[in-house]
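# Could you work out the structure for the sequence below:
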Amino acid sequence: MKLKPFLTIVLITIGISAQAQQSKVVERPYASYADTPTLEITRVTLSDTATVLDIYAPAHPDNSIKITSATYLIAEGKNYTIRGGENIELDLLFGMPKSGAIEFKLVFEALPMETTKFDFIGSEYDDYYMIYEVNLTEESPRTTDNTKLEASYDVDEQLFENLIQPFKGKVILIDIWATWCGPCLTAHLLMQPLKAEFINKGVEFLYLAGEDSPAIAWENMIADISGSHYRLEIAQWDYLHDILNVRGVPTFIIIDRKGNQSFHSTGFPGVNTMRRELNRALRK
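Numbers count the residues shown, from 1 in each chain. Prediction:
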């Protein structure tokens with residue numbers, strides 16, 4: 001009869017352990033495709049009661065984002081509806097802070113613990129915020145092969161020469177971009193395989209952003225963009241826009257080994273064009 005309290009304690013312990021095991025956390029899950037760079041799923045927490053997505057959302061401080069109550073997840077052909085948000089209210093426009101990025105959580109009906117992939121559908125009626133094949137068995141690669149440079153140069157005719165001086169003798173692909181620019185971020189993703197092709201061929205990838213790219217968002221984003229990075233002051237940014245004939249972002253410029261401009265494009269011209277122009281510059 002003395003065993004009864006002991007058995008009760010054992011059963012409670014087993015129950016607590018079982019509850020503790022009914023959760024799963026996946027950091028930085030890999031997604032096959034997203035139609036927007038505005039939302040990044042940084043963590044997925046699965047439990048018996050809910051699925052929670054941690055979201056990082058970079059955008060221009062003048063922009064707003066909205067998560068609708070029509071948002072849902074799809075896994076194995078079944079829909080899992082949204083229940084609410086933390087640090088964001090559903091169906092209301094949320095103005096971006098001056099930092100240029102916010103973090104919040106979205107809570108959904110519980111996905112099965114054995115789920116390996118799901119789709120994030122922003123709305124059945126609006127064609128935005130779609131993230132497909134979020135993989136709960138694979139982590140997104142985080143690039144570490146990048147360099148943050150200090151652009152402590154005077155605004156004069158030597159500014160551009162000073163910026164590219166560290167890469168003298170190489171072909172330089174200059175990507176002029178902004179953290180809030182959707183086409184810029186899409187181009188970064190499309191360029192990743194191409195960059196791998198030229199990694200040992202004497203090509204330097206140089207990224208220029210301005211102060212309209214908030215510092216916190218810029219720091220977070222360049223962690224995933226291999227290459228060398230400058231965040232320029234307003235006067236430097238405006239001066240380079242004039243001398244390089246920048247009419248918008250993204251703008252791509254290729255400098256050959258002799259320091260001459262061999263290619264210029266406002267807007268992303270496509271991977272095949274970039275490959276052709278880089279090879280052409282390498283042959284000069």
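# From here on, just use CA atoms for contacts and neighbour counts.
OK.
# quick one: low-confidence ranges for the stretch 1-150 of the chain?
Within the stretch 1-150 of the chain, the ranges that satisfy pLDDT under 70 run 1-21, 99, 124-128, 140-149.
# got the residue ranges for the helices in it?
Under the criterion DSSP state H, counting those that start in this stretch, helices of the stretch 1-150 of the chain are mapped to 3-21.
# Asp62 is in contact with Trp180, correct?
No. Look at Trp180 against Asp62 with CA atoms under 8 Å: they stay out of range, at 9.7 Å.
# Please say which of these two ends up with more neighbours.
The residue with more neighbours, out of Trp180 and Asp62, is Trp180; 24 against 11, by other CA atoms under 10 Å.
# list the contacts for that one?
Contact analysis of Trp180 by CA atoms under 8 Å, 6 or more residues apart in numbering lists Thr38, Pro58, Ala59, His60, Gly100, Ser213.
# Please apply the same query to Gly210.
Taking CA under 8 Å, 6+ apart, we find Gly210 in contact with Ala178, Arg231, Leu232, Glu233, Ile234, Trp237.
# Scan these and report the most crowded one.
Ala178 (26 neighbours).
# quick one: it and His264, what's the gap?
As for Ala178, its distance to His264 is 18 Å (criterion: CA to CA, to the nearest Å).
# picking up where we left off before, secondary structure, pLDDT and distance to Ile67 for the contacts of Gly210 - can I get that in TSV?
Putting the contacts of Gly210 into TSV (DSSP: H, G, I helix; E, B strand; the rest coil; pLDDT from 0 to 100; distance: CA to CA, whole Å) gives the following:
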residue	secondary structure	pLDDT	distance to Ile67
Ala178	coil	93	23
Arg231	strand	93	30
Leu232	coil	93	33
Glu233	coil	91	33
Ile234	helix	92	33
Trp237	helix	94	33
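# Make sure Ala235 is indeed in a helix.
Yes. Using DSSP: H, G, I helix; E, B strand; the rest coil, the secondary structure at Ala235 is a helix.
# List the backbone torsions phi and psi for Asn279.
Main-chain dihedrals, Asn279, degrees, to the nearest 10: phi -60, psi -40.
# no no, Glu197
Torsion angles, degrees, to the nearest 10, at Glu197: phi -70, psi -30.
# thinking Thr251 is in contact with Ser265, fair?
Yes. In this structure Thr251 lies within contact range of Ser265 using CA under 8 Å: 5.6 Å.
# Looking at the two, which one has more neighbours?
A count of neighbours by other CA under 10 Å puts Thr251 above the other of Thr251 and Ser265, at 22 against 18.
# can you pull the contacts of the residue lying closest to the more buried one once chain neighbours are set aside?
If the residues on either side of it in the chain are set aside, Thr251 comes closest to Thr266, at 4.4 Å by CA to CA, 6 or more residues apart in numbering. Contacts here follow CA under 8 Å, 6+ apart; on that basis Thr266 touches Val246, Arg247, Gly248, Val249, Pro250, Thr251, Phe252.
# Go ahead and confirm the fourth one touches Gly267.
Yes. Contact between Val249 and Gly267 holds when scored by CA under 8 Å: they sit 6.6 Å apart.
# if we can go back for a sec, and the residue nearest to Thr251, how far is that from His241?
From Thr266 across to His241, the span is 12 Å (CA to CA).
# and for those two, which residues touch both?
Residues touching both Thr266 and His241 by CA under 8 Å, 6+ apart: Arg247.
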